[in-house]
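> below is the structure, and that's it, no one-letter string:
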């Protein structure tokens, strides 16, 4: 248990659905991240938030919309996704540059 | 963009043997870290080595760093079946605060 909780653990959604992924940490970390993990590919850094401000948007399509209402919570809003968006979505938090703490991930399947 | 790249992509060994995997990266870094991921779960931090360090040990893990070659290695000694997992290196470039960049990982299978 790393202290970072992601919900739901599994999600199946149709291409016209809207859903949200949630990430929560009470470790007192200032930075939070969304990563996408597809089979046989490097982890793709999607978004970085530092003190609730977005500091990185790694050319992510607008059908992915992040939200960070406070330093403990991070959301990823999903809208009109494509089948190729099916992947494991990982949230992480960090106090700085020495270690990232990951949640267990949300396995997303777009049908 | 991808920063770390692990080699080999997959490794199969027997219990008791050592497992070695390598990581290459592209830019100047503050530190390099190794993580482990069990199937379909989150990554767990194993060990960090700073840019001014050359070798570090933690239990059965030994990490080396060669900044002139921009490479690192992770050695797991006396492997166990429970070491079966994917192993990733992560770098934090000097010009990117808190931007952990990972490779595709090395999948290690340890058979009893």
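Done, it's in. What you are looking at is a predicted structure, and each value in this text was computed from that prediction instead of being measured.
> contacting residues around residue 23?
Picked chain A for this. Neighbouring residues of residue A:23 by CB atoms under 8 Å, 6 or more residues apart in numbering or on different chains: A:4-6, A:32, A:34, A:73-76, A:91, A:93, A:103. All C-beta spots, glycine's among them, are computed from the backbone N, C-alpha and C.
> hmm, no, I was thinking of chain B.
Residue B:23 neighbours (CB under 8 Å, 6+ apart): B:4-7, B:32, B:34, B:71-74, B:89, B:103.
> one more time with 6 Å
B:4, B:6, B:72, B:89 (CB atoms under 6 Å, 6 or more residues apart in numbering or on different chains).
> which SSE is the most centrally placed residue in chain A in?
Closest to where the C-alpha atoms of chain A average out (CA atoms, centre = their mean) is residue A:34, at 3.2 Å. Following DSSP states H and E, one finds residue A:34 within strand A:31-37.
> thinking again about what came up before, quickly name whichever of the contacts of residue B:23 is closest to residue B:96.
residue B:4 (13.2 Å; CB to CB).
> so who does the nearest residue to that closest one once chain neighbours are set aside touch?
Take residue B:4 and drop its neighbours on the chain: the residue closest to it by CB to CB, 6 or more residues apart in numbering or on different chains is residue B:103, 3.8 Å away. Residues in contact with residue B:103 (CB under 6 Å, 6+ apart) are A:42, B:4-6, B:89.
> between those residues, which has the most around it?
residue B:89 (29 neighbours; other CB atoms under 10 Å in any protein chain shown).
> which residues does that residue bridge with?
residue B:34 (DSSP bridges).
> dump the residue contacts of residue B:74.
Applying CB under 6 Å, 6+ apart, the residues near residue B:74 are B:21, B:34, B:63.
> tell me the spacing between it and residue B:23.
According to CB to CB, to the nearest Å, residue B:74 and residue B:23 sit 7 Å apart.
> including pLDDT and secondary structure, could the contacts of residue B:103 go into TSV?
Putting the contacts of residue B:103 into TSV (pLDDT from 0 to 100; DSSP: H, G, I helix; E, B strand; the rest coil) gives the following:
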residue	pLDDT	secondary structure
A:42	87	coil
B:4	71	coil
B:5	82	strand
B:6	86	strand
B:89	95	strand
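> could the residues you listed go into JSON lines alongside distance to residue A:12?
As requested, the contacts of residue B:103 are arranged in JSON lines below (distance: CB to CB, whole Å):
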{"residue": "A:42", "distance to residue A:12": "25"}
{"residue": "B:4", "distance to residue A:12": "31"}
{"residue": "B:5", "distance to residue A:12": "32"}
{"residue": "B:6", "distance to residue A:12": "31"}
{"residue": "B:89", "distance to residue A:12": "32"}
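> closest one to residue A:20 out of these, please.
residue A:42 (25.3 Å).
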